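Peer 1: Mind folding the following:
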Amino acid sequence: MSDATTIEVRTGEELNRELLQTFIQQQIPQAPKGELQIRQFSAGHSNLTYLLQIADWEAVLRRPPLGPVAPKAHDMEREYTILSSLHPYFQPAPKPYLFSDDESIVGSPFFIMERRKGIVLDTKFPNEVTYTPELGRKISQLMVEQLVHLHQVDYKKTKLADMVKPEGFMQRQLSGWIGRYERAKTDEVRGVAELTDYLTKNVPNSAAPTIIHYDYKLNNAMFSHDFSEMTGLFDWEMTTVGDPLADVGAAMSYWIQPNDPDLLKKGLGAPPVTVLDGFFTRDEFIQMYADKSGRDVGSIDYYLTFAYFKLAVICQQIYYRYRKGQTTDQRFAKFNVFVENLIQYALITAKK
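Peer 2: Below you'll find the predicted structure:
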């Protein structure tokens, strides 16, 4: 990741540099001798991700957030296993070096993976990039093509075949995310009962299962400096085998377009670059996915509705941690408003 994406480690999220340096030089043969430097990647609202540097050698460390975490969430060993088995078949997946459950080193289980370099896009382009609508379409197409490519990987050739049960995926997802919402609930939110009732009564028949990233969004992707390829795809903790349209729906819940209401566009701050002229609309993205994958996308509105609910639950879990004092990060102080907005927007989508 480009240096512009890293910051000094946030107060309270520091790692024990001496312990970690000793561990790295004992466990990673390609790491040179020398002083370990640690910076933190600024993006993301969940797992903590750090840049490790010793001389010219670089790697990335991922660990769960501080404080109690939701059951089965932030499973570092699972994410490490997914990357280990998927990396040979899907180039954007970084190669992991090792996993450790020794909590004495950084305070939790963690894994270390290779560092990929390139451009990560979020709310603006780097100063050195001259944006044109043609570039927006090029990036949009890359996002579609790589999602199709991921869904073409035969999961039975990977360790995911032993880790998942694809049958009944959407029913399990629905009950699981409703349960997560109830456990993280802090306030009564208008429309939740109506939304969960709609989702429960309208579960579509799933397509043949595929590997799904399930957090596929622009700021989890990295591009070469000429935007000719995707050089990295990150945050694989939600990856599983299931309905590929659930992956498309999740991707589209993050894909903001210029005519979206402000409650959706600005819920997490400045809108993403996908609002710029040239980027695909959600309909264009979905249509190209259908054309390139050959899948029927007729029920996509259900999956998009579910994705907005799922995103609301993720934000509610983060807000719960903030309300309980498990994090003091002020970025999360207004997440309750965003949760309510997402629930309302999901209801609008359901009624299309």
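
Peer 1: How about the helix-or-strand element of the chain with minimal mean pLDDT, which residues are buried there?
Peer 2: Within the chain, confidence by mean pLDDT, DSSP states H and E is lowest for helix 262-265 among all helices and strands, at a mean of 80. Neighbour-count burial for helix 262-265, with 16 or more other C-beta atoms under 10 Å as criterion, is recorded at 264-265. Yep, even glycine has a C-beta here, placed from its N, CA and C like the rest.

Peer 1: Check which helix or strand residue 241 maps to.
Peer 2: Element membership for residue 241 (DSSP states H and E) is strand 240-242.

Peer 1: what separates that strand from the chain centre, distance-wise?
Peer 2: Relative to the chain's own centre, strand 240-242 is displaced by 15 Å; criterion: C-alpha atoms, centre = their mean, to the nearest Å.

Peer 1: outside of it, which residues touch it?
Peer 2: Strand 240-242 is contacted by residues 155, 160-161, 163-164, 166, 169-170, 173, 206, 209-212, 214 when judged by C-beta atoms under 8 Å, 6 or more residues apart in numbering.

Peer 1: following the least confident helix or strand of the chain, which helix or strand shows up next?
Peer 2: helix 282-293.

Peer 1: on that earlier part again, which residues outside the least confident helix or strand of the chain are in contact with it?
Peer 2: The contact list for helix 262-265, computed with C-beta under 8 Å, 6+ apart, reads 256, 271, 275, 341-342, 344-345.

Peer 1: re the thing from before, listing partners with orientation, what would you give for the strand holding residue 241?
Peer 2: Strand 240-242 has these partner strands in its sheet, going by DSSP bridges: strand 210-212 (antiparallel).

Peer 1: Just the mean pLDDT for the strand it pairs with, thanks.
Peer 2: Summarised as a single mean, pLDDT over strand 210-212 is 98.

Peer 1: The residue most central in space within the chain sits in which helix or strand?
Peer 2: Against the mean C-alpha coordinate of the chain, by C-alpha atoms, centre = their mean, the closest residue is residue 215 at 3.4 Å. For residue 215, there is no enclosing helix or strand under DSSP H and E.

Peer 1: ok so, going back, pLDDT of the strand holding residue 241, averaged?
Peer 2: 96.

Peer 1: likewise stretch 84-95?
Peer 2: On average, stretch 84-95 scores 96.

Peer 1: and what of stretch 60-78?
Peer 2: The average pLDDT for stretch 60-78 rounds to 76.

Peer 1: about what we covered before: next one, pLDDT for the residue nearest to the centre of the chain please.
Peer 2: At residue 215, pLDDT is 94.

Peer 1: now residue 267
Peer 2: At residue 267, pLDDT is 68.

Peer 1: Going forward, count from 3.
Peer 2: With the count now opening at 3, the last piece we talked about shows up as residue 269.

Peer 1: correct me, but residue 120 touches residue 230?
Peer 2: No - using C-beta atoms under 8 Å, residue 120 makes no contact with residue 230, being 10.7 Å away.

Peer 1: Looking at these two, which is more packed in?
Peer 2: Of the pair residue 120 and residue 230, residue 120 is the one with more neighbours under other C-beta atoms under 10 Å, namely 16 against 10.

Peer 1: And that one, how close does it get to residue 144?
Peer 2: 12 Å (C-beta to C-beta, to the nearest Å).

Peer 1: Which neighbours do those two have in common?
Peer 2: Listed as contacting both residue 120 and residue 144 by C-beta under 8 Å, 6+ apart are residue 225.

Peer 1: Take the contacts of helix 264-267 and keep only those in helices.
Peer 2: Among the contacts of helix 264-267, DSSP state H puts 343-344, 346-347 in helices.

Peer 1: farthest-separated two in the residues you listed?
Peer 2: Within these, 344 and 346 form the most distant pair, 7.3 Å apart (C-beta to C-beta).

Peer 1: who has more neighbours, these two?
Peer 2: residue 344 (26 against 19).
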